[in-house]
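Chemist: My questions are about this predicted structure, shown below with the sequence.
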Amino acid sequence: MVKLPDRAEWLTGLNPNECRSQCLKNCSCLAYTYDTGAGCLYWSTDLIDIQEFTIGGVDLYLRQAQSELGSKHKHKAVIYGSIISGATLIVLLICFLWRWLIQRKENRRKIRENIKFKYDGRSAELKDLPLFDFETLIVATWNFHESQKLGYGGFGQVYKGILKDGQEMAVKRLSTVYGQGLEEFMNEVVVISRLQHVNLVRLLGVCIEGEEKMLILEYMPNGSLDAFLFSPAKRQLLDWSKRFNLIEGICRGLLYLHRDSRLRIIHRDLKPSNILLDKELNPKISDFGMARIFGHGQDQEETRRIVGTYGYMSPEYAMEGHFSEKSDVYSFGVLLLEIVTGKRSSTFWFEEQSLTLIGYVWKLWIEGNVAPAVDTVVSHPNFRKETKKCIQVGLLCVQEYVNDRPNISTVISMLASDIEDLPSPKQPGFIKRLAATGTESYQSQQSSSVNDMSITHLIAR
């Protein structure tokens, strides 16, 4: 409520609405008021002597420019414009995302087509194999930082990775400088993607982008068996019950590969570093880069490219390139002797007679006392019968001639039998060592020669 300003003009015979309209029509009208007694008053000059009253006075209506007042229509236009702009942006983002997803799907389809791997005349198409983005693995492994490195496996470095959801994994990255790496990578993808067993390492997916090729495997927190078995500190954790659990688990994994899976798989490189341990120290067979798939009714295969690790290779494979289930059984026998003795086959040397680990255990067996070979951690008298039985089974597995060795299902039965029911082993294949160079790996392009050999030379008898 205000005191009206001076210099008002008066219009008669108008009601309040008409008074308002007259002011709006008159460009010079600055304000108006309507009083029941006085009628319509308006001002076209400066508003002078206005006073605000707390009690009394009349209402004065001021006229302002539209730009100052704002407009309902203008506000609506701004709102509608914002909505349309936002909706357009959302549609564009959806279109971009849709196109990106289609392109990604197409890229993955092409990748899967490229993973078709000709193997013995058969094509393996991995339709359901998860594919990981390279960027995802860079983040998960801290850009393949040295601190995330777990070791070297088969065809490249292995890194620990952690996804955004907290899932741990092992990333096996193909080394571009490793000659046979691509072949082993593709071979491992084809083989392990078809296998699923509690005692085999599980394949989570692959990454194939340009020159980058990686396997994504389940993470094993306790690393490999050799890190435990041959460590003075960690081996103390492997009491007899744990060691026997390792033996049984490896047997079950081999049985699945040889007999129970859809395919018959010969591993060809069974050794402690290829046995990984989960958090409960359960064993899982890994590294299938050298594995071979056998066809129906096939019992043996021959190769001119001999690859593997001496000390674990059977005589017929190392000397002639022949491999079969019994080749894996031989490797398992060596592994079994290592678990019981706590000694590494590839570096053991009994200097008195230049004996290998197999030769040393065989010597003690012939003498009728294998107790000196048993690891002191498990040499308690309570385990003497079980350790002797395992040594006997190990010697049966490493017999020189293929037909003398048991298959893996028979090995499992032997481990569950009384020692009195087991047959006596015949002489093993490799028992003496002539020279040592300190390295393990071996590759040969021909079965009649020993090329690129940097291993210990062994003789059969």
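Modeler: Ah, there it is.
Chemist: so what's residue 408 up against?
Modeler: 251, 254, 255, 258, 259, 325, 328, 329, 332 (C-beta atoms under 8 Å, 6 or more residues apart in numbering). Bear in mind the C-beta positions are built from the backbone N, C-alpha and C, glycine included.
Chemist: Identify the farthest-apart pair in these.
Modeler: Within those, 259 and 332 form the most distant pair, 14.1 Å apart (C-beta to C-beta).
Chemist: out of the two, which sits in the more crowded spot?
Modeler: residue 332 (26 against 12; other C-beta atoms under 10 Å).
Chemist: Next, work out how far apart the more buried one and residue 32 are.
Modeler: In this structure, residue 332 and residue 32 are 107 Å apart, going by C-beta to C-beta, to the nearest Å.
Chemist: Determine how far stretch 276-291 lies from the middle of the whole chain.
Modeler: Remark: stretch 276-291 is offset 14 Å from the chain centroid, using C-alpha atoms, centre = their mean, to the nearest Å.
Chemist: Pull out the buried residues from that stretch.
Modeler: The neighbour-count check on stretch 276-291 (16 or more other C-beta atoms under 10 Å) flags 276-278, 281-291 as buried.
Chemist: Now flag whichever of those is closest to residue 153.
Modeler: Nearest member of those to residue 153, counting by C-beta to C-beta, is residue 287, at 5.6 Å.
Chemist: Pull the contacting residues for the closest residue to that closest one other than its chain neighbours.
Modeler: Closest residue to residue 287 apart from its sequence neighbours, by C-beta to C-beta, 6 or more residues apart in numbering: residue 274 at 4.4 Å. By C-beta under 8 Å, 6+ apart, residue 274 lies in contact with 153, 224, 267, 285, 286, 287.
Chemist: again with residue 426
Modeler: 399, 400, 401, 404.
Chemist: what does residue 335 give?
Modeler: So residue 335 contacts 250, 270, 271, 272, 275, 312 (C-beta under 8 Å, 6+ apart).
Chemist: possible to save those as TSV with neighbour count and secondary structure?
Modeler: Output for the contacts of residue 335, formatted as TSV (neighbours: other C-beta atoms under 10 Å; DSSP: H, G, I helix; E, B strand; the rest coil):
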residue	neighbour count	secondary structure
250	22	helix
270	28	coil
271	25	coil
272	22	helix
275	26	strand
312	27	coil
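Chemist: and which of those residues is nearest to residue 63?
Modeler: The closest of these, once distances to residue 63 are taken by C-beta to C-beta, is residue 275, at 92.4 Å.
Chemist: Quick one: residues contacting the closest residue to the closest one other than its chain neighbours.
Modeler: Closest residue to residue 275 apart from its sequence neighbours, by C-beta to C-beta, 6+ apart: residue 225 at 4.0 Å. For residue 225, the contact set (C-beta under 8 Å, 6+ apart) comprises 246, 272, 273, 275, 276, 277, 283.
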